[in-house]
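Participant: after the sequence you'll find the predicted model.
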Number of protein chains: 4
Amino acid sequence: MTAEVGFGIIGLGRMGAFHASLLRGPVKGARLVAATVDPGHRQLLLGSGQAPCPLVDDVDALFAMPTVDAVVVVSPASLHHDHIPRAAAAGKAIFAEKPLADSVERAHAVADDVRRSGVPFQIGFQRRFDRGYARARELIAEGAIGKVEMIRALTCDRMPPVEFLRTSGGLFWDLAIHDFDAARFLTGEEVSAVFAVGSIAVEPQLTEFDDIDHGIVTLRFANGALGVAQSSWRAPAGYDIRAEVHGSLGKVVTEVDEKYPTHLYRDGGVSQERHDQFVERFADAYRAELQAFVDALRADRDPSPNLDDALRAVEIADAATRSRREGRWIELA
Amino acid sequence: MTAEVGFGIIGLGRMGAFHASLLRGPVKGARLVAATVDPGHRQLLLGSGQAPCPLVDDVDALFAMPTVDAVVVVSPASLHHDHIPRAAAAGKAIFAEKPLADSVERAHAVADDVRRSGVPFQIGFQRRFDRGYARARELIAEGAIGKVEMIRALTCDRMPPVEFLRTSGGLFWDLAIHDFDAARFLTGEEVSAVFAVGSIAVEPQLTEFDDIDHGIVTLRFANGALGVAQSSWRAPAGYDIRAEVHGSLGKVVTEVDEKYPTHLYRDGGVSQERHDQFVERFADAYRAELQAFVDALRADRDPSPNLDDALRAVEIADAATRSRREGRWIELA
Amino acid sequence: MTAEVGFGIIGLGRMGAFHASLLRGPVKGARLVAATVDPGHRQLLLGSGQAPCPLVDDVDALFAMPTVDAVVVVSPASLHHDHIPRAAAAGKAIFAEKPLADSVERAHAVADDVRRSGVPFQIGFQRRFDRGYARARELIAEGAIGKVEMIRALTCDRMPPVEFLRTSGGLFWDLAIHDFDAARFLTGEEVSAVFAVGSIAVEPQLTEFDDIDHGIVTLRFANGALGVAQSSWRAPAGYDIRAEVHGSLGKVVTEVDEKYPTHLYRDGGVSQERHDQFVERFADAYRAELQAFVDALRADRDPSPNLDDALRAVEIADAATRSRREGRWIELA
Amino acid sequence: MTAEVGFGIIGLGRMGAFHASLLRGPVKGARLVAATVDPGHRQLLLGSGQAPCPLVDDVDALFAMPTVDAVVVVSPASLHHDHIPRAAAAGKAIFAEKPLADSVERAHAVADDVRRSGVPFQIGFQRRFDRGYARARELIAEGAIGKVEMIRALTCDRMPPVEFLRTSGGLFWDLAIHDFDAARFLTGEEVSAVFAVGSIAVEPQLTEFDDIDHGIVTLRFANGALGVAQSSWRAPAGYDIRAEVHGSLGKVVTEVDEKYPTHLYRDGGVSQERHDQFVERFADAYRAELQAFVDALRADRDPSPNLDDALRAVEIADAATRSRREGRWIELA
């Protein structure tokens, strides 16, 4: 076990600040050293005295710091293909938020660079560290449901601002990508083909960049199993994420996680509150994934989920997007 | 298997009309022949054309009808000690709503008369026929939870009019009596002593006749197990009835029965509706208990729950009432 | 309100016997007059003394009986196109199990014949009478979830014998057809196009007649909404039927109906039992749909779901089957 | 906001080690400085290299360290009346595990000493920091259920070794004390009298020191409300802790917290796993209560729950114990 891992954060926005708070307490064996911040937020942060760590001018300054052993890449998706290879070239271990890059081609180029550099890499699919998903995977891996035959997954979240969506790559790249990874993780099988369809029910402006706010993706797996991933930018009751895997002997269902185990009975019946935000729903998972990354670095083990997982997810997201636009099945290599 | 059983109903009020509707369809092997009705309702019923069967002047007329094989006693509790022995004397099989009579002494006298007559008798503890309670009993009887060690039961219902409560015998005789019977039924054990306490939170007028609207009864069982029955005339979210039995190997919990398996997710979270009325909550159980009575008559078997069950429940209700008033444990014989 | 409705049953097999038991008690205003039975079962039934009513030689004998006002058609699907028009020609009111016929063409011919005859007609989509589905429909119709945007439905049932499946029309005609109707019923919207995919995970023999045991059907609705119906002949934990409708203001979820509200806590955690069979899961719904039919006849109202509902469901089932075989979207007229 | 709070732990046993792990990461603004350890464990810990911090010889050494600003008292209950006043005399802020002392008299003496010293004090009722209990309290305080009328609480845990129980003060001092505090916390009302009863179902040796393994305590509150706390050393399915508060407008129920939101459907139905240990069930609450203590110290606020809460709980536990032994109501001052 080596000493504490020094961390730099690339992109101290909302999610970056959340990662910073994890690195400054809950995550053991880590130390937050410095962060880059969008110029627009820089003065704000410094003026408020709320900066969680020293701020540096740019990523190069961060990469040059010898006390930075690892970086968390939380910059916009469109900058990943720039930041990740440079971090690798600087010899920093990399924890990157999804997606790996904003196109399949760039994602492969990024992956090649990282592989060549030999630095440890982990992609931020935090559901793998959620106790619901993780326990479901364990049960399936133990054979509790026999042979996997069918999966269904659902993700409903509140819609971000249209301006964010404009550069996010679309519903499948931004939201459904978590279910694509979960489908692989839970079943232990590869997706071999997808057929996707979408609609706009929430935000007509999405037509401007050919995006959708409701999507249904049918999945074929290499072992012959079938699946469906449904996603929508509509969640009036809060974050709604469920997954179920059906097998020859049974099924495992990950239900909506209760915000509180507290039920209120009144005139109209019984009611329960729901999680509002993914950061709240997956707070434990975000901590656990960073902890796993730190533990892997300190034990000199390969982190997971890895580059292949990162690549596979963008390939599925890309195939789903093309399938929807072309109205046909897209096979995956 | 004999022919259809001809039924007379004593007391065609709200519950009597409900029993009538069961005897005229859902209950197989039964035929509704006639009913007595409170003089006040008689003209109303006849005028409306809604009478479910011929109405007779009084119970003697009903007892005199040779086509009446059995009676359902749904008259006020204060008349049970009169109606039940006379039905027995007339040789009619008897299905009586609880309580057996309005005092322990009268209940014993009624039981003696019925026993002497030899007519079949069943008391209306419908929870024994509810699929939740019945399944819990089966599991316990099969040994699924090992040796019974503790029970807790809860009944919350909406408060009836004070005028009804004035003659009902009080919270323990009218409401908690179902939990007293359920405690014996579920555990298969006898209650040996009770300690009761009560309060008034809903209706100050209850002090006029020394009644309460919230009660807690601690139970000791002959095998050493402990229990609690909680009851209240407060149920803003609808009928709330639960029971759980704890044993050496596990516990069985009968949850609130969902009115619909339908959950509504909206702004404030998720909500579910609840049963409003006991007739609605136990609709199946009411049908099943009458069916069991008819089946027993036709098969020449002793119906159950029987006179002993009817007696035991009023003894517990009486002991609980005395315990509350005297502030001490009351032992049961 | 007319007198009791006399019923004849066409096809006293397992489901026919179940309908017979409903008509002989729980359903009010109905009288079971006679039934036809498959010659192979005839001697068996007569010999056992278990026949619930007089048996007649063939459907013509049944149609000739003046005391038969209505028929329940429970014969094999392949005979519906023969039995239903002849019943209509005989002036009998018709309650038919799904599907209306075993091809879209025959279904239209049957519908034309029934329409010309003017006899009342109801198709057996019993889920519309299930309290879970019915309540969900009410909530949606009341606007509780706003504008309907997405639906997802699941049906998992235990696989019937292959010999039955060989003539059933396939997974979409036999099982998913209930979800196709439920999708229309719950949303109040028409399905405009389908895309289907299937796999074989349970029974390799299904390849002999180009059938599947797992199917996923993506649905487009006329109002732009999307949906998915998933079905499988695999249900190790018992009958698993759920549906949810997502709207602009919320979602309604019909969960798996609990067999008992009874939970058993033991060493490994908490467990609950599930319904084994659809007859058990939908016992109340089967009674309620027959009651609705009888009530409509006696009140001279049009029964529902009607011929259009029956037709629309087979059209969707047919389109789904073709979509799966041809690998492309099929538009519905 | 002051600098980091330096902590000493008194009693580095199982719970002490758990507190140490919280202070060394998840709890922000705290620093673990040193700990005392039972001589028997000292060599073990040092030999294993697993000591989370420097170990000191005795509490005096700890109290003498100027870098120790606060102590966590996790020594055996029988030593609290010695350790807490000495910590107060040394000017250390005190976080003490319950109970405050092992008798009411000693508890008052401890409280007097702490009050005189003026050091900040918090008692370890971690349920107040559990999201289920905390949310229930919020809802009640907001008036969501109107006026509080009745409470019921249940705690079932696995039995510790008899040797531990021998010095723990008994079921009411050791286990039910959490429900006594929860009853005050949830309702915002004071307990005015108790009536208790107990039984032995698990461990006959408990008779040696007049203890029980199942207990039922009826509570009267100052506002006239009633309550029940049931506790047992039997939990075959894992930790079972629930509480519900009934009011004039509704009720709030804190259900068993799901270990995972993961349900496994197999042959026998559906099953879920449960929490095994209180440390696991209340992991978040233990962290949150220490965080609250640290935050209060750094903001110079009074920590809560405070000395009065600590005193009140032992008074109720003592009254319940006497009530059980004397078979009568015990009034609380």
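Facilitator: Cool, the structure landed.
Participant: and the stretch 101-250 of chain A, which residues reach chain D?
Facilitator: A:131, A:132, A:135, A:136, A:139, A:144, A:145, A:249, A:250 (C-beta under 8 Å from any C-beta of the partner chain). Using the backbone N, CA and C atoms, a C-beta is placed for each residue, glycine as well.
Participant: centre of the chain to stretch A:324-333, how far?
Facilitator: 23 Å (C-alpha atoms, centre = their mean, to the nearest Å).
Participant: could you check how far residue A:167 is from chain B?
Facilitator: Residue A:167 sits 30 Å away from chain B, taking C-beta to the nearest C-beta, to the nearest Å as the criterion.
Participant: thinking again about what came up before, highest neighbour count among the residues of the stretch 101-250 of chain A next to chain D?
Facilitator: Using other C-beta atoms under 10 Å in any protein chain shown as the neighbour criterion, residue A:136 leads these with 28 neighbours.
Participant: what helix or strand does the closest residue in space to that one that isn't next to it in sequence sit in?
Facilitator: Closest residue to residue A:136 apart from its sequence neighbours, by C-beta to C-beta, 6 or more residues apart in numbering or on different chains: residue A:252 at 4.6 Å. Assigned by DSSP states H and E, residue A:252 belongs to strand A:251-254.
Participant: thinking again about what came up before, would you check how far apart the residue nearest to residue A:136 and chain C are?
Facilitator: Residue A:252 is 11 Å from chain C, by C-beta to the nearest C-beta.
Participant: give me the spatial nearest neighbour of residue A:25, chain neighbours excluded.
Facilitator: Nearest non-adjacent residue to residue A:25 (C-beta to C-beta, 6+ apart): residue D:28, at 4.5 Å.
Participant: swap that for residue A:207, please
Facilitator: In space, and not counting its chain neighbours, residue A:207 is closest to residue A:200: 6.6 Å by C-beta to C-beta, 6+ apart.
Participant: that neighbour: what's it in contact with?
Facilitator: Neighbouring residues of residue A:200 by C-beta atoms under 8 Å, 6 or more residues apart in numbering or on different chains: A:206, A:207, A:212, A:213, A:214, C:224.
Participant: which of those residues lies closest to chain B?
Facilitator: Compare each of the contacts of residue A:200 with chain B using C-beta to the nearest C-beta and the shortest gap goes to residue A:214, at 16.1 Å.
Participant: for the residue nearest to residue A:120 when sequence neighbours are not counted, give me phi and psi.
Facilitator: In space, residue A:120 comes closest to residue A:93 once its chain neighbours are excluded; the distance is 4.3 Å by C-beta to C-beta, 6+ apart. When quoted as degrees, to the nearest 10, the phi and psi of residue A:93 stand at phi -70, psi 150.
Participant: ok, what's across the strand from residue A:93?
Facilitator: Beta bridges link residue A:93 to residue A:70 when assigned by DSSP bridges.
Participant: that one: neighbour count?
Facilitator: 22.
Participant: follow-up on the earlier one: among the contacts of residue A:200, who's most crowded?
Facilitator: For these, neighbours tallied by other C-beta under 10 Å; top is residue A:212, 25 neighbours.
Participant: so how far is residue A:262 from it?
Facilitator: Distance of residue A:212 to residue A:262, computed by C-beta to C-beta, to the nearest Å: 36 Å.
Participant: picking up where we left off before, looks like the residue nearest to residue A:136 contacts residue A:140 (just checking).
Facilitator: Yes. Using C-beta atoms under 8 Å, residue A:252 is in contact with residue A:140, at 6.1 Å.
Participant: any common contacting residues for those two?
Facilitator: Common contacts of residue A:252 and residue A:140 (C-beta under 8 Å, 6+ apart): A:186, A:245.
Participant: more crowded one of those two?
Facilitator: Set side by side, residue A:252 and residue A:140 show more neighbours around residue A:252, with 26 against 23, by other C-beta under 10 Å.
Participant: which pLDDT does the model give that one?
Facilitator: You'll see residue A:252 listed with a pLDDT of 96.
Participant: if I pick it, what's in contact with it?
Facilitator: A:136, A:139, A:140, A:144, A:145, A:186, A:244, A:245, D:262, D:263, D:264, D:265 are the contacts of residue A:252 under C-beta under 8 Å, 6+ apart.
Participant: may I see the domains of chain A written out as residue ranges?
Facilitator: Domain ranges of chain A: A:5-119, A:128-276+A:313-331, per automatic domain parsing.
Participant: how about the single nearest residue of the stretch 201-333 of chain A relative to chain C: what's its closest non-neighbour residue?
Facilitator: Of all residues in the stretch 201-333 of chain A, the one sitting closest to chain C is residue A:201 (4.1 Å; C-beta to the nearest C-beta). Nearest non-adjacent residue to residue A:201, counting by C-beta to C-beta, 6+ apart: residue C:149, 4.1 Å away.
Participant: what's whatever helix or strand that neighbour lives in packed up against?
Facilitator: In this assignment (DSSP H and E), residue C:149 forms part of strand C:148-156. Applying 3 or more C-beta pairs under 8 Å, 6 or more residues apart in numbering or on different chains; DSSP states H and E, one finds that strand C:148-156 makes contact with strand A:148-156, strand A:214-221, strand A:226-232, helix C:177-187, strand C:226-232, strand C:240-247.
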